[in-house]
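Student: I need the structure of the sequence given here:
(one chain, ligands or ions: 1)
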Amino acid sequence: SGWWKAVEPAPKDPILGVTEAFLADTDPNKVNVGVGAYRDDQGKPVVLQSVREAERRILGKENMEYLPMGGSVKMVEESIKLAYGENADVLKDKRVAAVQALSGTGACRLFAEFQKRFRPESQIYIPVPTWANHHNIWRDANVPQRTFHYYHPETRGLDFASLMDDVKNAPNGSFFLLHACAHNPTGVDPTEEQWKEISYQFKVKNHYPFFDMAYQGFASGDTDRDAKAIRIFLEDGHQIACAQSFAKNMGLYGQRVGCLSVICDDAKQAVAVKSQLQQIARPMYSNPPVHGALLVYSILSDPDLKALWHKEVKVMADRIIGMREALRGNLENLGSPLSWNHVTDQIGMFCYSGMTPEQVDRLTSEFHIYLTRNGRISMAGVTTGNVEYLANAIHEVTK
Ligand SMILES: Cc1ncc(COP(=O)(O)O)c(CN[C@@](C)(CC(=O)O)C(=O)O)c1O
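Tutor: Prediction:
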C-alpha cells in the first residue's frame, strides 16, 4: 500500500557510478580514471591559486541576497567575453542573450527547455558518441533526438566524411549539438579547416549550431585557441548558442557555475530571449548560486588573477598532455601489438582507448582500475606514479 512501492532503484549513472565503485574498493593500487575531474601528479584534486586568491578577496564582502533569475550580470558579461572574444561584434551590438546557469549541465538543460518551448517541432542531432548525460538532458526536455556520425573506430579519429553526409542529409534548419573543443568521450576534434567546412555547410543548410563548451582552455591550455570553432561560426555569421562550464577549467566542479548564451538578431530580441530563459529558470531553481559566480567574476575581471588563471589552466592542460605521451610510451615499450598513436593524437580530458567493455571489466576486476565501460580514460587521473601500472594492465587485457 506504500505510496512509492512501484519506485524501482535507478540504474547506476555510467560515469558517476564508476566513482562510487572506486570509492568502495579498498585495494591500495586502485586507480580512478573515470570521472573527468582534474587531479595533480599526486592524484589529488586541485583548487587553483587564482580561486583561493579570489576567495581571499571576497571574504566577508559577499552578500547572501538572491541573484536575479538570470544570475550575476557581471559574471555573465565576463563569461561571454571569454567565449566570443573581448571585441566580438555580437557583444558590442548587445545581440547576446546570456544567463548564469548551473554549470554546463544546467546551461545545456536551459537551452533544451528553451528549444522545446520556442521550436516545439524541432529535434536535435547529437554526435555518436557523446557525453552520456546529453541524451538524458534532451530526453527530459522532450526534444526528439537524432544522431550524426562523429567518431571513426578504425582510425580512432573523426569520421569527417560521414559527419558531412549527415549534415547534408539532415532536413534544412536542423539543430545540431557540437562540442566546441575536447570532445567527450573521444578527445577527437575537427581541425580548423574541417570546422570551416562544417560551418560553410551549416550556412548552406541553415542548420542551428548549439555548442557545448565544457573545457575551454583545458584542451590546449589556450582559451582563445579552444574557442576557435565558436569564432569561426561567429565570423561566418551563424546565430549560435553556447553552454559554458567553469567546472573543469577553473576547477569549480561543485560550485556549479556556468553560462548559457544565445546569439540573436538584435539587442531587442536578445532582451526578449533573455527574459524567456529567466522564465524557464524561475520554476526550475529560481535563481543560481552566488558564491561560484563571484569567484568567476573576481578572476576574469582582474587582470592579475586572470593572468594567473590562464597560467594555471595551461599547467593542467600540459600535465595531461604529458601523461598522454607517458601512457603511449609505456604501452609501446611493453611491445603492445596495437597502435596507440590516438593516445597522443586525441586532446583534452579524455582518451578514447578503443578497449571493449569486457576489457574494461577486466581492468576493474583484475587490476582495480576504474573507467567507464566505453573505454574512456580520464587522463586527469593518470600520474607518473600510476602510468606504468595502468599501461601494464591495459597491455595485459589487450594483447
Ligand atoms: C561535454 C560536457 N558537457 C557538460 C558537462 C557538464 O559538466 P558540469 O555540469 O559539471 O559543468 C560535462 C562534464 N562531464 C564530466 C566531466 C562529468 C560528468 O559526467 O558530469 C564527465 O566525466 O564526463 C561534459 O563532459
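
Student: which SSE is immediately downstream of the lengthiest helix in the chain?
Tutor: The longest helix of the chain (DSSP state H) is helix 303-333. Tracing the chain past helix 303-333, the next element assigned as helix or strand by DSSP states H and E is helix 341-345.

Student: so for the longest helix of the chain, what gets flagged as buried?
Tutor: By neighbour count on 16 or more other Cβ atoms under 10 Å, the buried set for helix 303-333 is 305-306, 308-310, 312-314, 316-317, 319-321, 323-324, 326-328, 330-332. (Glycine included, C-beta is placed from N, CA and C.)

Student: just the buried positions in stretch 187-200, please.
Tutor: In stretch 187-200, counting by 16+ other Cβ under 10 Å, buried: Gly187, Val188, Asp189, Pro190, Trp195, Lys196, Ile198, Ser199.

Student: close enough to count as contact, the second one and Gly348?
Tutor: No. Counting by Cβ atoms under 8 Å, no contact exists between Val188 and Gly348, whose distance comes to 9.4 Å.

Student: which outside residues touch stretch 115-130?
Tutor: Contacting residues not belonging to stretch 115-130 are listed as 112, 134-135, 138, 141-151, 163, 166, 170, 174-179, 183-186, 208, 210, 276, 280, 374 [Cβ atoms under 8 Å, 6 or more residues apart in numbering].

Student: what's near enough to touch Gln244?
Tutor: 79, 82-83, 101, 104, 107, 213-214, 216, 258-261.

Student: filter these down to the buried ones.
Tutor: In terms of neighbour count (16+ other Cβ under 10 Å), the buried residues within the contacts of Gln244 are 79, 82-83, 101, 104, 107, 213-214, 216, 258-261.

Student: so of those, which ones are in helices?
Tutor: Reading helices off the buried ones among the contacts of Gln244 with DSSP H, I get Ser79, Leu82, Ala83, Gly104, Ala107.

Student: up against the ligand, what does the stretch 101-250 of the chain have?
Tutor: The stretch 101-250 of the chain comes close to the ligand at residues Ser103, Gly104, Thr105, Trp131, Asn133, His179, Asn184, Asp212, Ala214, Ser245, Ala247, as judged by Cβ under 6 Å from any ligand atom.

Student: among the residues you listed, which lie within strands?
Tutor: His179, Asp212, Ser245 (DSSP state E).

Student: redo the residues you listed as a markdown table? Include pLDDT and neighbour count.
Tutor: Listed next are those as a markdown table, based on pLDDT from 0 to 100; neighbours: other Cβ atoms under 10 Å:
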| residue | pLDDT | neighbour count |
| --- | --- | --- |
| His179 | 98 | 24 |
| Asp212 | 98 | 26 |
| Ser245 | 98 | 27 |
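
Student: any idea which of the residues you listed is closest to Asp41?
Tutor: Ser245 (23.9 Å; Cβ to Cβ).

Student: ok, now which ones touch that closest one?
Tutor: Ser245 touches Ser103, Gly104, Thr105, Ala107, Met213, Ala214, Tyr215, Val257, Gly258, counting by Cβ under 8 Å, 6+ apart.

Student: state the distance from the residue lying closest to it once chain neighbours are set aside to Cys259.
Tutor: Nearest residue to Ser245, sequence neighbours excluded (Cβ to Cβ, 6 or more residues apart in numbering): Gly104, at 3.1 Å. Plainly put, Gly104 is 9 Å away from Cys259 if you go by Cβ to Cβ, to the nearest Å.

Student: same check, this time on Pro9
Tutor: Counting by Cβ to Cβ, the gap from Pro9 to Cys259 is 35 Å.

Student: what of Ser162?
Tutor: Applying Cβ to Cβ, the value for Ser162 to Cys259 is 32 Å.

Student: one more: Val90?
Tutor: Separation of Val90 from Cys259 (Cβ to Cβ): 14 Å.

Student: now pLDDT too, for the contacts of Gln244, in a markdown table please.
Tutor: Converted to a markdown table, those look like this (pLDDT from 0 to 100):
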| residue | pLDDT |
| --- | --- |
| Ser79 | 98 |
| Leu82 | 98 |
| Ala83 | 98 |
| Ala101 | 98 |
| Gly104 | 98 |
| Ala107 | 98 |
| Met213 | 98 |
| Ala214 | 98 |
| Gln216 | 98 |
| Gly258 | 98 |
| Cys259 | 98 |
| Leu260 | 98 |
| Ser261 | 98 |
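
Student: mind listing what the residue of the stretch 251-399 of the chain found nearest the ligand touches?
Tutor: As assessed by Cβ to the nearest ligand atom, the ligand sits closest to Gly258 within the stretch 251-399 of the chain, at 5.4 Å. Counting by Cβ under 8 Å, 6+ apart, Gly258 touches 100-107, 243-247.

Student: closest one of these to Val35?
Tutor: Ala247 (10.9 Å).

Student: residue contacts, the closest one?
Tutor: Counting by Cβ under 8 Å, 6+ apart, Ala247 makes contact with Ser103, Gly104, Ala214, Tyr253, Arg256, Val257, Gly258.

Student: for Val296, state which of the residues you listed is nearest.
Tutor: Of the contacts of Ala247, the one sitting nearest to Val296 (Cβ to Cβ) turns out to be Val257, at 5.3 Å.

Student: next one: phi and psi at the one residue sitting closest to the centre of the chain?
Tutor: The centre of the chain sits closest to Ala214, judged by Cα atoms, centre = their mean, with a distance of 2.8 Å. For Ala214, the backbone dihedrals (degrees, to the nearest 10) come out as phi -100, psi 0.

Student: how close does it sit to Ala307?
Tutor: Taking Cβ to Cβ, one finds Ala214 at 23 Å from Ala307.

Student: show me where the stretch 51-200 of the chain has strands.
Tutor: Taking DSSP state E, counting those that start in this stretch as the criterion, the stretch 51-200 of the chain carries its strands at 96-102, 124-128, 145-149, 151-152, 157-158, 175-179.

Student: if we can go back for a sec, of the contacts of stretch 115-130, buried ones?
Tutor: Of these, these count as buried by 16+ other Cβ under 10 Å: 112, 134, 138, 141, 143, 148-151, 163, 166, 170, 174-179, 183-186, 208, 210, 276, 280, 374.

Student: go ahead and confirm the residue nearest to Ser245 touches Tyr215.
Tutor: No. Counting by Cβ under 8 Å, Tyr215 is not a contact partner of Gly104; they are 9.1 Å apart.
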